[in-house]
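Asker: next one to model:
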Amino acid sequence: MKARELLLKTVVFYLLFYICRFSFFSIMPIVAEELGLTHMSLAWISSILFVGYAVMLIPSGFLADKYNPVNVLLTGSIISSSSNMLMALAASEDWLKILMFINGIGQGMGWAPLIKLLTVKMDKAKIGLAIGFLMSSAVIGPSIAYTVASIIAYISNWKMSLIIPALVLLAYSTTFRHMKTVSESTELSLNCIKNANAWLIGFSYLFFYAVYRGFLVWMPTFLYEKTGLYLFSSIYSSILSATGALSGYIGYYLSLKLYKGKMKKIIAYSMLAAILPCLALSYEGNNIYLLTWLFAFYFLLSLPLWLFFIYPPKIFPMKVVGTITGFIDSLGYLGNFTGTLILGLAYSVSTTGRELFYLMAVLLLAGSTFSLFIRE
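Answerer: Sure thing, here's the model as predicted:
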């Protein structure tokens, strides 16, 4: 299989993974009304997915390093598809929590094996760009998920918004079943995660993702309650998420042109710059004011999106790329879980919503600080 064909195949595969991860978030207002769920219930249901995801990231990266990463991918797609279809049948908060956790387990078996697969199959000079394009599928994924789920729910019902993407992922995953890779080592250990750089990258990503994904989960609900327009809120959230694909490339390009491929300054400066529009959102304004500052916030915040996962194949040995990728992503999704939960709690108890944006500003400051200590 040619490198370009492999890259396209992995991008589509991860897009389908992401749709099965984010479809539920788009239909949360509908599900809440039908099942009588509170903001607090939605906070726990949505955040527990990221617990399952984070738990599985290091094991899936380790297995991808030691065995064929394709087998890990196929197992994950089966678990994620099955849990999404069962969620459509769930009629209680408890069952939704259980199935969202299982969905997280399946979702955790996607990212690190795909990075490992590209690292082994792609030319080293092109691996940064390849991972960037794969990361773009992660950026566009929520946008497509919100749009697809909203349209399906509008035409049919919210249950079909979970069932149809799950069936598509299950069918597409079978196209990977004959792909083989050679194991790099049969004597792997987890000692590689003791590396200080892995922790610095991971903690920077943790705080970054707490804001980026944590608020993205709540954005359709936030906009719906501000504007009263459900379909518009989901679609605008999709547009904002999609800006990350372009913004991520711009951040990668700037790192090459301004800093000769060194990335930590782009990571730090982008998070610091995003604090300004974040704080601007803490003030009340009309819909134009709100939508303009939201766009500026997500554009600046998205600049380092490509960079965190270009680090593993760039500064670590190939034989541990899967494990390091899983470790960094596990910290990121610990941040995702924490961000989804605490931002939801802040939004739930706040009367003005300002505390939500103050909290995000503090998280961004912490993430930028950690990134400045990364050794390149």
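
Asker: could you use CA atoms for every contact and neighbour count after this?
Answerer: Noted.

Asker: which residues touch V51?
Answerer: Shown in contact with V51 (CA atoms under 8 Å, 6 or more residues apart in numbering): F101, G104, Y333, L334, F337.

Asker: any idea of the mean pLDDT for stretch 62-72?
Answerer: The pLDDT scores in stretch 62-72 average 86.

Asker: return the alpha-carbon coordinates of it using PDB.
Answerer: The C-alpha coordinates for stretch 62-72 follow below in PDB (Å, rounded to 0.1, in the frame of the first residue of the first chain):
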ATOM      1  CA  PHE A  62       2.200  -0.800  24.500                       C
ATOM      2  CA  LEU A  63       0.300  -3.600  22.600                       C
ATOM      3  CA  ALA A  64       0.800  -1.600  19.300                       C
ATOM      4  CA  ASP A  65       4.600  -1.500  19.900                       C
ATOM      5  CA  LYS A  66       4.800  -5.200  20.800                       C
ATOM      6  CA  TYR A  67       2.300  -6.700  18.300                       C
ATOM      7  CA  ASN A  68       0.400  -5.800  15.200                       C
ATOM      8  CA  PRO A  69      -1.300  -2.400  15.800                       C
ATOM      9  CA  VAL A  70      -4.000  -3.300  13.300                       C
ATOM     10  CA  ASN A  71      -5.300  -6.000  15.600                       C
ATOM     11  CA  VAL A  72      -5.600  -3.400  18.400                       C
END
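
Asker: return the set of buried residues in that stretch.
Answerer: F62, L63, A64, D65, K66, Y67, N68, P69, V70, N71, V72 (16 or more other CA atoms under 10 Å).

Asker: can you classify the second one by secondary structure?
Answerer: Think L63. Secondary structure, DSSP: H, G, I helix; E, B strand; the rest coil: L63 is helix.

Asker: list the contacts for it?
Answerer: Contacts of L63 by CA under 8 Å, 6+ apart are P69, V72.

Asker: check the gap between L170 and F62 for me.
Answerer: 24 Å (CA to CA, to the nearest Å).

Asker: next: V11.
Answerer: According to CA to CA, V11 and F62 sit 22 Å apart.

Asker: before we move on, what about A88?
Answerer: 32 Å.

Asker: quick one: stretch 329-344 to chain centroid distance?
Answerer: 10 Å (CA atoms, centre = their mean, to the nearest Å).

Asker: CA atoms of stretch 109-124 as CSV?
Answerer: Taking C-alpha atoms only, stretch 109-124 is exported to CSV below (Å, rounded to 0.1, in the frame of the first residue of the first chain):
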residue,chain,number,x,y,z
MET,A,109,-7.5,1.6,21.2
GLY,A,110,-7.5,3.9,18.2
TRP,A,111,-5.0,6.8,18.4
ALA,A,112,-1.7,5.3,19.6
PRO,A,113,-1.9,2.2,17.2
LEU,A,114,-2.5,4.6,14.3
ILE,A,115,0.5,6.7,15.2
LYS,A,116,2.6,3.6,15.5
LEU,A,117,1.3,2.3,12.1
LEU,A,118,2.2,5.6,10.4
THR,A,119,5.6,5.7,12.1
VAL,A,120,6.5,2.3,10.8
LYS,A,121,5.0,2.7,7.3
MET,A,122,5.8,6.3,6.4
ASP,A,123,9.1,8.0,5.4
LYS,A,124,10.7,9.7,8.5
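
Asker: quick one: buried residues of it?
Answerer: Residues of stretch 109-124 classed as buried by neighbour count (16+ other CA under 10 Å): 109-122.

Asker: what do you get for stretch 143-157?
Answerer: S143, I144, A145, Y146, T147, V148, A149, S150, I151, I152, A153.

Asker: again with stretch 289-308
Answerer: For stretch 289-308, by 16+ other CA under 10 Å, it's 290-291, 293-308.

Asker: try stretch 264-279
Answerer: Result for stretch 264-279 [16+ other CA under 10 Å]: buried residues 264-275, 277-279.

Asker: next helix or strand past the longest helix anywhere in the chain?
Answerer: Of all the elements of type helix in the chain, the one with the most residues (DSSP state H) is helix 196-227. Next in sequence after helix 196-227, counting helices and strands by DSSP states H and E, comes helix 230-259.

Asker: helices and strands around that following helix, which ones?
Answerer: Helix 230-259 is packed against helix 127-155, helix 196-227, helix 264-280, helix 287-301, with contacts defined by 3 or more CA pairs under 8 Å, 6 or more residues apart in numbering; DSSP states H and E.

Asker: rank these by mean pLDDT and give me the bottom one.
Answerer: helix 127-155 (a mean of 82).

Asker: roughly how far out does it sit from the chain middle?
Answerer: On CA atoms, centre = their mean, the centre of helix 127-155 falls 10 Å from that of its chain.

Asker: ditto for stretch 52-68
Answerer: Relative to the chain's own centre, stretch 52-68 is displaced by 16 Å; criterion: CA atoms, centre = their mean.

Asker: and stretch 40-53, by the same measure?
Answerer: That offset, for stretch 40-53, works out to 14 Å (CA atoms, centre = their mean).

Asker: which parts of it are buried?
Answerer: For stretch 40-53, by 16+ other CA under 10 Å, it's L42, A43, W44, I45, S46, S47, I48, L49, F50, V51, G52, Y53.

Asker: so which of the residues you listed sit within strands?
Answerer: Within the buried residues of stretch 40-53, no residue falls in strands by DSSP state E.

Asker: would you mind putting those residues into CSV with pLDDT and distance to S137 alongside?
Answerer: Shown next, in CSV, are these (pLDDT from 0 to 100; distance: CA to CA, whole Å):
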residue, pLDDT, distance to S137
L42, 83, 26
A43, 79, 25
W44, 84, 26
I45, 86, 24
S46, 81, 21
S47, 79, 21
I48, 87, 23
L49, 88, 19
F50, 79, 18
V51, 84, 22
G52, 88, 21
Y53, 85, 17
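
Asker: could I get those as JSON lines with distance to T174?
Answerer: Formatted as JSON lines, the buried residues of stretch 40-53 follow (distance: CA to CA, whole Å):
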{"residue": "L42", "distance to T174": "33"}
{"residue": "A43", "distance to T174": "34"}
{"residue": "W44", "distance to T174": "33"}
{"residue": "I45", "distance to T174": "30"}
{"residue": "S46", "distance to T174": "28"}
{"residue": "S47", "distance to T174": "29"}
{"residue": "I48", "distance to T174": "28"}
{"residue": "L49", "distance to T174": "24"}
{"residue": "F50", "distance to T174": "25"}
{"residue": "V51", "distance to T174": "27"}
{"residue": "G52", "distance to T174": "24"}
{"residue": "Y53", "distance to T174": "22"}
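
Asker: no further questions, thank you.
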